[in-house]
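Undergrad: Here you go, sequence then predicted model.
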Amino acid sequence: MATRKRLSPEESRLAALEAARGLLIEAGPQAVTLKAVAARIGRTHANLLHHFGSAAGLQKALAGHLAGTVCDTIIDAVRASRAGLGSPREVVDLAFDAFDKEGAGALASWMILTGNEDALTPIVETIHNLVDEIAPEEAEHGGDPMQVHEETLALVLMAMGDALIGSALSRSLGLPATAARDRAERMLVSSIAALNAQD
């Protein structure tokens with residue numbers, strides 16, 4: 001008889017979040033239930049209740065997990081772009097993919113529709129922390145830190161909107177599917193050009 005590997009509480013929590021992320025991407029936010037996640041990782045419903053307290057707690061933790069991994073990737077791309085090692089398009093694609101392919105947009109809309117807006121707090125706080133980390137770097141180069149806040153707001157709203165209705169709206173307006181990403185890229189290119197002109 002095979003025995004299950006004993007995981008530390010942190011390993012068990014991380015395994016559950018990765019399983020929840022997989023379910024989110026494969027089947028949408030409605031598939032992220034305690035029962036489905038428990039089945040996927042071979043744990044009990046009670047085990048997940050211990051870690052997350054409820055389905056809403058799991059979804060909130062998943063939102064925080066997604067936001068953290070997404071923002072870490074975005075900040076690395078922003079720094080690479082500023083150092084001439086990456087491009088504004090890579091930053092845009094990372095942000096848009098986070099909300100589309102990684103499921104953050106679907107999760108956010110599901111949270112709003114089910115009245116669990118509190119689950120969005122980790123996403124908002126993580127993005128705020130990302131901006132607060134980038135803004136002082138902008139100021140060091142003579143830029144306006146508030147501009148970073150405004151551009152982050154625009155980028156996130158564009159990425160979120162594109163994930164939810166972008167392809168249908170672009171199609172109905174006769175625009176290419178990449179129209180929102182193209183517009184976001186132009187915004188970042190313009191911002192970098194203005195920053196470089198101040199140096």
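TA: Noted; the coordinates are in hand. Numbering: from 1, shown residues only.

Undergrad: Show me the helices in this protein, by range?
TA: 9-27, 34-41, 45-52, 55-82, 88-99, 104-113, 121-140, 145-161, 167-172, 179-198 (DSSP state H).

Undergrad: worst average pLDDT in these?
TA: Looking at the helices of the chain, the lowest mean pLDDT belongs to helix 121-140 (a mean of 68).

Undergrad: which of the helices of the chain is buried the deepest?
TA: Here the criterion is mean neighbour count by mean count of other Cβ atoms under 10 Å, and of the helices of the chain the winner is helix 88-99, at a mean of 22. Glycine gets a C-beta too; all of them are placed from N, C-alpha and C.

Undergrad: Alpha carbons of that one, as CSV, please.
TA: As requested, C-alpha coordinates have been extracted for helix 88-99 and formatted as CSV (Å, rounded to 0.1, in the frame of the first residue of the first chain):
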residue,chain,number,x,y,z
PRO,A,88,8.2,47.4,-23.6
ARG,A,89,6.3,44.8,-25.6
GLU,A,90,7.6,42.1,-23.3
VAL,A,91,6.3,44.0,-20.3
VAL,A,92,2.9,44.5,-22.0
ASP,A,93,2.7,40.8,-23.0
LEU,A,94,3.5,39.7,-19.5
ALA,A,95,0.7,41.9,-18.0
PHE,A,96,-1.8,40.9,-20.6
ASP,A,97,-1.0,37.2,-20.4
ALA,A,98,-1.3,37.3,-16.6
PHE,A,99,-4.9,38.5,-16.9
